[in-house]
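Undergrad: got a sequence here, can you model it:
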Amino acid sequence: MAKNFAPRVSKRQRKVIDMSDKLSRDLFQLSDERLLKGAKLDEIKLKDIYVKEQVRTKFNDSSIKELAANIKVNGLIQPLVLHRDSTGKMTLICGERRFRAMSSIDMEKCPCFILDNKSEEELMAIQFSENSSREALHYIDKADGILNYQKATKASERKIQAALGISKSEVHRSLLIAKMPKKLKEAAKEFNIEKYVLLEFDALDKGAFKTSMQKKILAGEVTKRSQLKKAIKTGVVSAGTAKKKVTKKKAMPKGLTAAAFLKAMQSKQKDMNLDKETKKLLKTLVEETKEIVDL
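TA: Presented below is the predicted three-dimensional model:
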């Protein structure tokens, strides 16, 4: 039986369906189902929640104020996620932005999902996944989180990829960034430096050029990859390899051919008052030059 196809519609008449909102909701739902597996919902006093150092270290103050105002009007829509250890201590795993926002408006308690009997590795993976899916996580915080996970689990890059749900290349780049000097990472946050600036800077060979570039990066004078590329192009080194300074050959006088140049050299040496040994050396040089030119 022949298939029936819908009539062709011009681009102007076509309806545009925005799938981003639906996809976002579905992705968050899948993420939350994995995150909250086995969790219990309860109301917990904020003062009873222990907050340790989180994956995220950079917070937008204005964003937290907006969130606080929203919570004050609408309440907390997304509960915090806590882990309860064997002593009953409640540690914040996910939702430090929400916790800070509620603390700023003096809320006493809030709804929380409570997880029990989770390993440190599981908690780190959950925390990283949740933070990455919410407000944009700075790549430095992301890199530090991946390195901390590797240190805690002794996992290979491939195992980290599977546990955290990110590509192997992203894991590798993040580990490179995380191992860079602290002052470089702080500058990246302060001046919003593109991550490829750090990666390509790190690939430069040690030397005067790299030292001068580091000073510019730390001062916030180089924040974009294009700026670094331009500096590398005009400098004496390139990313990954030492580039020797090239001295441009002086061009011959305009209109003078190689053959004419050699003829002039041969003629000139006859007029020079040179000893036999020097003349012999000069003659050899001219002959060798002629051979090269003839190639």
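Undergrad: just give me the longest strand of the chain.
TA: For the chain, the longest strand by residue count, based on DSSP state E, is strand 109-116.
Undergrad: quick one: buried residues of that strand?
TA: Buried residues in strand 109-116, defined by neighbour count with 16 or more other C-beta atoms under 10 Å: 110, 112-115. To be clear about C-beta, it is placed using only N, CA and C from the backbone, and glycine gets the same treatment.
Undergrad: after that strand comes which helix or strand?
TA: helix 120-133 (DSSP states H and E).
Undergrad: what are the buried residues along whatever helix or strand comes next after that following helix?
TA: Of the helices and strands lying after helix 120-133 in sequence (DSSP H and E), the nearest is helix 139-153. For helix 139-153, a neighbour-count test (16+ other C-beta under 10 Å) marks 139-150, 153 as buried.
Undergrad: one step back: which neighbouring elements make contact with the longest strand of the chain?
TA: Packing partners of strand 109-116 (3 or more C-beta pairs under 8 Å, 6 or more residues apart in numbering; DSSP states H and E): strand 40-45, strand 80-84, strand 90-94.
Undergrad: and the last one, which strands flank it?
TA: Spelled out, it's strand 90-94. strand 49-50 (parallel), strand 80-84 (antiparallel) (DSSP bridges).
Undergrad: same question, the first one
TA: Strand pairing for strand 40-45, using DSSP bridges, gives strand 109-116 (antiparallel).
Undergrad: which SSE is residue 64 in?
TA: Using DSSP H and E, residue 64 sits in helix 61-74.
Undergrad: angle of that helix against strand 109-116?
TA: Counting by axes from the mean of the first three to the mean of the last three C-alpha atoms, to 10 degrees, helix 61-74 lies at 100 degrees to strand 109-116.
Undergrad: just checking, what packs against helix 61-74?
TA: The contact analysis (3+ C-beta pairs under 8 Å, 6+ apart) places helix 61-74 against helix 96-104.
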